[in-house]
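Participant: Pasted the sequence and its predicted model underneath.
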Amino acid sequence: MQERTVIHLDIADFAAAIEAGREPSLAGRPLAIALSGSSRARVYDMSEEAYCQGVRKGMPLGQARHRCRDIKILPPRFHAYEQVMKAMFKTICAASPRVESGVRDGHFYLDVSGMSRLAGPGVDMAFRLKKQIEKEFDLSPVWSVASSKLVAKVAARMAKPCGEYIVPPGDESAFLAPLPLYLLPMLNRNQVRKLNRFNLTQVCQARELTREQLSLLFSDQADRFYNALRGTDFEPVEKPDLLQLLSSSSSRVQPNSLSRATSQIQAGSHNRSFFLEQGHVFAEDTNDKSCLEKGLYQVCETLGAKLRQGQYAAVTLNIKLTYSDGKMVQTASAKFDPVSSDLGLFRQGQVVLKKAWQRRVRIQHLQVRARSVRAACLQAGLFDSQKAESRLVMVSRAVDRIREKFGACCVGSGLSLVPDGSS
Amino acid sequence: MKASSRRRIFIGTCGYSYGEWVDAGFYPQGTHSSNMLDVYTEKFGATELNYTWYQMPRAPSLERMCAKLPSHFKVAAKLTRTMTHEVRQENWKEQVQLFRQGIAPLVEDGKLLCILIQLPPYFDRSVAHRNYLAALMDELSGLPLAVEFRHKSWAVDRVFHELEKRNVALVNVDVPNLETLFPPTEVVTCRDLFYIRLHGRNAKGWRTGNMQQQFNYDYSDQELESWAQSIQHTMLAKAESGGIFFNNHVRGQAPKNAAALIRILSQNGLGRFLRI
């Protein structure tokens, strides 16, 4: 395997950093980014000062306020964060053609292998990029240099909240050995807990497990974990492919919604189809029709934007409702003509929702799953209904372009503006 | 004055981990970065650590490095930028303590040649800067120090005398003939160590500010012979040891020139002082 040099740039508390940069009076103050005004509001991001007082991402806002009495709460401006990421991506791409970025998390990876003759050592490239980002965006990234994404990521976590970490080639295994397992990015909380149950808390301890033992715990991921524990990682730095982009947490969620973008991609058995999911958590549990339809429409807007971005169209919808008492109901539609407009998806969704919603108990969560196919695979429509859908797609695409330029909130359907509780 | 037989000369390069040195033939084809130090230590007796400028050194990492080094090998560690280029009044002393802790393995193992304090080009000889440098050297007292000035205002006898009083080595530089740069000197201010850094004489490349052009220079044998004469007749008699480091890393020119200087010094009868 060719030797690699990977740079990782990580702007800690990205959203909070952008807000603090926008409003200098917030600098040095505990700050949380969250949608307030609901019992279910959670912290989306927080400043280092808030973190030091025990505030964490995903924490209920009430708990955050309890831990940090003088915390300042600001609503998220997702579009602004995405725009900054795009601008930074453009800057960073000038340094290397192989750049991988998140959507609005302030994370970037660059593969600068083989570039030292032109651009100098990787360490110097990383330092210059950091200075450039500071100068152009007034944001200070943590940076790390290592031989793989895994080690670079862990090194950046070690350097946080500010600073740098260089892991020399050959030092990867020794660097990782004493570290706690939760720092490894591929291990989720449950997997760490599994290992902790065996009194394995550090990387060097988990290394004692053989591949066979790891496969008992982690089945087909055992090989990957075995290598990762030793600092070996072959995952390339690359632009996310279309399916990854579609499954990212980017969404056009309206600011008065608490939709957790829980979209997932599952590869369908057919190369040309896949499943796209989007969920919506209601601010308050509800059995109000207009509120449910508003939530459904917002989900359809997000799904529709992703489908259109990837030139896909939905052919079935599956809706899962989670009630306040914990019960779940799932209903699927029959196959329909391909749809990718927001209104078209919503109309199909209304039919499925009517079938799914059979109880008077309030609803907590709504999830829509669309089976989608490539729009290019579809035959041209002959019927009026398909022509009507084409016109709706054109309107939806125009809205996409406006939102891309001016932000998600600048234009919206009347359906998403209906006040909660109205019929 | 004849040089004592106890004297030692350490010749090497500024950094050793350059992928292009494989293409240049210094490292055998297929040499992985993790193995470069092993190959390097077969050819040279010292190196400068560049990465400590970018990042505070960490003792565990340096301990692992020391374990791989031959017993006679010496390391000059660059002082981290938080004490030279990005100084914050409220925490620079704490940074010095962290640096001391980080390089402790080099000190304990007897492998530390010196701490290289490389000052920025804009660090002129103002009162504030003089006071800061004095305070910095006080905080680093007990450690062997070498100071590289890059602003020409420091090239005065008063500065050299002050360094001599403190027994701190002045870094003599070989640089392009440019008005703004600290000039080449042959000054020894420290009884224990003289220090030379050869950056190359690429004036055109220097003005670009691009490292790959700035340090793209190949010293001729004649130019190296001139330095060999200075070392032999001026510098070696005044200090116990000498550190000579080539910074013209582009296309493997630094190790090539370092090897050439070793050859020239050996031919001039100084082979017994060389530590390889």
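Facilitator: Received, thanks.

Participant: contacts and neighbour counts: CA atoms only from here.
Facilitator: Noted.

Participant: quick one: which helix or strand includes residue 63?
Facilitator: Chain wasn't specified; assuming chain A. Per DSSP states H and E, A:Gln63 falls inside helix A:61-67.

Participant: could you do chain B instead?
Facilitator: Using DSSP H and E, B:Glu63 falls in helix B:59-68.

Participant: That helix - contacts with which helices or strands?
Facilitator: helix B:92-108 (3 or more C-alpha pairs under 8 Å, 6 or more residues apart in numbering or on different chains; DSSP states H and E).

Participant: residues from the stretch 101-250 of chain A in reach of chain B?
Facilitator: A:114, A:116-121, A:123, A:127, A:164-166, A:168-171, A:175 (C-alpha under 8 Å from any C-alpha of the partner chain).

Participant: who's in contact with whatever residue of chain B ends up closest to chain A?
Facilitator: Nearest residue of chain B to chain A (C-alpha to the nearest C-alpha) works out as B:Ser34 at 4.5 Å. The contact partners of B:Ser34, by C-alpha atoms under 8 Å, 6 or more residues apart in numbering or on different chains, come to A:Pro168, A:Pro169, A:Gly170, A:Asp171.

Participant: where in chain B is pLDDT low?
Facilitator: B:1-5 (pLDDT under 70).

Participant: Let me see the ranges of the helices in it.
Facilitator: B:20-23, B:36-43, B:51-54, B:59-68, B:92-108, B:127-139, B:157-166, B:203-208, B:211-214, B:221-230, B:253-265 (DSSP state H).

Participant: how much space is there between A:Lys306 and A:Asp342?
Facilitator: A:Lys306 sits at a distance of 11 Å from A:Asp342 (criterion: C-alpha to C-alpha, to the nearest Å).

Participant: How far away from the center of its chain is the longest strand anywhere in chain A?
Facilitator: Looking across chain A with DSSP state E, the single longest strand is strand A:273-286. Counting by C-alpha atoms, centre = their mean, to the nearest Å, strand A:273-286 is centred 14 Å from the centre of its parent chain.

Participant: do the same with stretch A:85-94
Facilitator: The answer for stretch A:85-94 is 19 Å, by C-alpha atoms, centre = their mean.

Participant: Just give the number of residues close to residue 104.
Facilitator: Here I'm looking at chain A. A count of nearby residues for A:Arg104, using other C-alpha atoms under 10 Å in any protein chain shown, gives 20.

Participant: Chain B was what I was after
Facilitator: 19.

Participant: separation between it and A:Tyr81?
Facilitator: For B:Ala104, the distance to A:Tyr81 - C-alpha to C-alpha - is 43 Å.

Participant: What parts of chain B come near chain A?
Facilitator: Counting by C-alpha under 8 Å from any C-alpha, chain B sits next to chain A at B:18-20, B:32-35, B:51, B:54-55, B:61, B:211-212, B:250-251.

Participant: follow-up on the earlier one: now, of the contacts of B:Ser34, which are buried?
Facilitator: Neighbour counting with 16 or more other C-alpha atoms under 10 Å in any protein chain shown marks A:Pro168, A:Pro169, A:Asp171 as buried within the contacts of B:Ser34.

Participant: JSON lines please, covering those residues and showing secondary structure.
Facilitator: JSON lines is the format used below for those (DSSP: H, G, I helix; E, B strand; the rest coil):
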{"residue": "A:Pro168", "secondary structure": "coil"}
{"residue": "A:Pro169", "secondary structure": "coil"}
{"residue": "A:Asp171", "secondary structure": "coil"}
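
Participant: Redo these as CSV? Include pLDDT.
Facilitator: CSV is the format used below for those (pLDDT from 0 to 100):
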residue, pLDDT
A:Pro168, 95
A:Pro169, 94
A:Asp171, 95
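
Participant: Let me have those in CSV, extended by distance to B:Glu94.
Facilitator: Output for the buried ones among the contacts of B:Ser34, formatted as CSV (distance: C-alpha to C-alpha, whole Å):
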residue, distance to B:Glu94
A:Pro168, 25
A:Pro169, 29
A:Asp171, 27
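
Participant: ok, of those residues, which one's closest to chain B?
Facilitator: Set against chain B, the nearest of those by C-alpha to the nearest C-alpha is A:Pro169 (4.8 Å).

Participant: was I right about that closest one contacting A:Ala146?
Facilitator: Yes: judged on C-alpha atoms under 8 Å, A:Pro169 makes contact with A:Ala146 at a distance of 6.9 Å.

Participant: burial count for residue 25?
Facilitator: Going with chain A. The number of residues packed near A:Ser25 is 9, by other C-alpha under 10 Å.

Participant: meant chain B actually
Facilitator: Neighbour number of B:Gly25 under other C-alpha under 10 Å is 12.

Participant: and what of B:Leu170?
Facilitator: 27.

Participant: From B:Asp192, how far off is the spatially closest residue to it that is not a sequence neighbour?
Facilitator: Once flanking residues are discounted, B:Leu170 sits nearest to B:Val147: 5.3 Å by C-alpha to C-alpha, 6 or more residues apart in numbering or on different chains. In this view, B:Val147 and B:Asp192 are 14 Å apart by C-alpha to C-alpha.

Participant: Neighbour count: these two, which is higher?
Facilitator: Shown here are B:Val147 and B:Asp192; by other C-alpha under 10 Å, B:Val147 has more neighbours (20 against 17).

Participant: measure the more buried one to B:Tyr195 for me?
Facilitator: 9 Å.

Participant: ok so, going back, quick one: work out the angle between the helix holding B:Glu63 and helix B:92-108.
Facilitator: Helix B:59-68 and helix B:92-108 are oriented at 20 degrees to each other (axes from the mean of the first three to the mean of the last three C-alpha atoms, to 10 degrees).

Participant: tell me the angle of helix B:59-68 relative to helix B:36-43?
Facilitator: 40 degrees.

Participant: Please point out which parts of helix B:59-68 sit buried.
Facilitator: For helix B:59-68, using 16+ other C-alpha under 10 Å, the buried residues are B:Ala59, B:Ser61, B:Glu63, B:Cys66.

Participant: that older thread, intersection of neighbour lists for B:Val147 and B:Tyr195?
Facilitator: B:Ala169, B:Leu170, B:Val171.

Participant: Correct me if wrong: A:Met294 contacts A:Ser413.
Facilitator: Careful, residue A:294 is Lys; it's not Met. No: under the criterion of C-alpha under 8 Å, A:Lys294 makes no contact with A:Ser413, lying 9.9 Å away.

Participant: which of the two has more neighbours?
Facilitator: Each of A:Lys294 and A:Ser413 has its neighbours counted (other C-alpha under 10 Å); A:Lys294 has more, 22 against 14.

Participant: list the contacts for the nearest residue to B:Asp109 once chain neighbours are set aside?
Facilitator: Leaving out its chain neighbours, the residue that sits closest to B:Asp109 by C-alpha to C-alpha, 6+ apart is B:Cys66, at 7.3 Å. By C-alpha under 8 Å, 6+ apart, the residues touching B:Cys66 are B:Pro105, B:Leu106, B:Asp109, B:Lys111.

Participant: how about the second one, what does it touch?
Facilitator: Right, B:Leu106. B:Leu62, B:Glu63, B:Cys66, B:Val75, B:Leu112.

Participant: The first one and B:Asp109 touch, don't they?
Facilitator: Right, B:Leu62. No: judged on C-alpha under 8 Å, B:Leu62 makes no contact with B:Asp109 at a distance of 10.5 Å.

Participant: I figured A:Asp10 hits A:Pro141, correct?
Facilitator: Yes: if you go by C-alpha under 8 Å, A:Asp10 and A:Pro141 touch, sitting 5.1 Å apart.

Participant: A:Leu9 belongs to a helix?
Facilitator: No: under three-state DSSP, A:Leu9 sits outside any helix and is assigned strand.

Participant: Not counting sequence-adjacent ones, nearest residue to it?
Facilitator: Excluding the flanking residues, the one nearest A:Leu9 by C-alpha to C-alpha, 6+ apart is A:Trp143, at 4.6 Å.

Participant: what's across from the one you found in the sheet?
Facilitator: A:Leu9, A:Glu164 (DSSP bridges).

Participant: No further queries at this time; thank you.
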